[in-house]
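Peer 1: below is the structure, and that's it, no one-letter string:
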Ligand SMILES: [Zn+2]
């Protein structure tokens, strides 16, 4: 198993084979973890990853499981388990 590497920021193209793209717009994307990647925050394998270039983000509903936040240089990452 490998931990998601966010050193220098998250680049989906470097790890494209490990993700399925669920949704994308100009500032953000929502990805499904297909590569068994581990969360940089808690170390457990995560289900989904939300990445945004925005400074703020609002979710209209919350997942049932744990949520981890990871700060990258120019991005905010939200991981759900
Ligand atoms: Zn986590």
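Peer 2: Perfect, I can see it now. Just so you know, these numbers come straight off a predicted model, no measurement behind them.
Peer 1: who touches the residue of the chain positioned farthest from its centre in this structure?
Peer 2: The C-alpha centroid of the chain is most remote from residue 60, which lies 17.5 Å away (CA atoms, centre = their mean). Neighbour list for residue 60: empty [criterion: CB atoms under 8 Å, 6 or more residues apart in numbering]. All C-beta atoms are positioned from the backbone trio N, CA, C, and that covers glycine.
Peer 1: what strand or helix carries it?
Peer 2: Following DSSP states H and E, there is no helix or strand that holds residue 60.
Peer 1: how about the residue nearest the centre of the chain, nearest residue that isn't a chain neighbour?
Peer 2: Centroid-nearest residue in the chain: residue 49, 2.7 Å away (criterion: CA atoms, centre = their mean). Counting by CB to CB, 6 or more residues apart in numbering, residue 49 lies nearest to residue 31, which is 4.6 Å off, once chain neighbours are set aside.
Peer 1: if anything else comes up later, I'll come back, but that's it for now.
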